[in-house]
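Engineer: what follows is a predicted protein model with its sequence.
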Amino acid sequence: MSASPAPVAIIMGSRSDWPTLKAAADMLDALGVAYEAKVVSAHRTPDRMYAFAKGAKAAGFKVIIAGAGGAAHLPGMTASLTDLPVLGVPIESKTLKGVDSLYSIVQMPGGIAVGTLAIGEPGAKNAGLLAAQILALSDDALAQRLALFRKALTDSVAETVED
Ligand code: RP5
């Protein structure tokens, strides 16, 4: 019997985005969700982007996390080519600190949806979390792991301010 395909694809515009997107991968690892990570640039490798997005559903992916920086077309272009939910992570750019990436990803015209997360690592971490929450709608074991994750988060916050 062959193993199930990874349900999450993590794509990024450049290898330089990986240190940020790794936060999504780490969250998926912590929750026991398999993923594949690939460099797929909207403007440097448009044919690769087209082939990936068109084939993503047939390949078995259920959710796509797409990170890009600057004039960040990748999440929107990918969303236009697939029915799968796309979670966009704006990468913190050098010149404009990721505000360019955020605006490029979040300002999708109505009709093609990209779920946009925060700039940088917090956004990547939450993209992993949100991907897991989407998958947990049809995976009770994953839903239980998510409940444990949230309980541990809550338990880690002390009410007092003493050292
Ligand atoms: C975007 O350009 C990538 O997503 C990356 O954030 C940015 C810079 O890419 P590199 O010049 O570091 O390859 O396409």
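Structural biologist: On my side now, so go ahead.
Engineer: now for the most centrally placed residue in the chain: which residues touch it?
Structural biologist: Nearest to the mean C-alpha position of the chain, counting by C-alpha atoms, centre = their mean, stands residue 65 at 2.6 Å. By C-beta atoms under 8 Å, 6 or more residues apart in numbering, the contact list for residue 65 reads 8-11, 21, 24, 35, 86-87, 89, 124, 127-128, 131. Every C-beta, even on glycine, is put in place using the N, C-alpha and C of the backbone.
Engineer: what bridges to it?
Structural biologist: Legend: beta-bridge partners of residue 65 under DSSP bridges are residue 10, residue 87.
Engineer: from residue 160, how far out is it?
Structural biologist: 37 Å (C-beta to C-beta, to the nearest Å).
Engineer: okay, now residue 75: neighbour count?
Structural biologist: Residue 75 has 31 neighbours, counted by other C-beta atoms under 10 Å.
Engineer: is it correct that it falls within a helix?
Structural biologist: Yes - counting by DSSP: H, G, I helix; E, B strand; the rest coil, residue 75 is found in a helix.
Engineer: for it, which non-adjacent residue is spatially closest?
Structural biologist: Among residues not flanking residue 75 along the chain, residue 88 sits closest, at 3.3 Å (C-beta to C-beta, 6 or more residues apart in numbering).
Engineer: so the one you found is in contact with residue 117, correct?
Structural biologist: Yes - between residue 88 and residue 117 there is a contact at 6.7 Å, judged by C-beta atoms under 8 Å.
Engineer: which residues are common contacts for these two?
Structural biologist: residue 127.
Engineer: identify the residues contacting residue 5.
Structural biologist: Residue 5 makes contact with 59-61 under the criterion C-beta under 8 Å, 6+ apart.
Engineer: let's see 7 Å
Structural biologist: Counting by C-beta atoms under 7 Å, 6 or more residues apart in numbering, residue 5 makes contact with 59-60.
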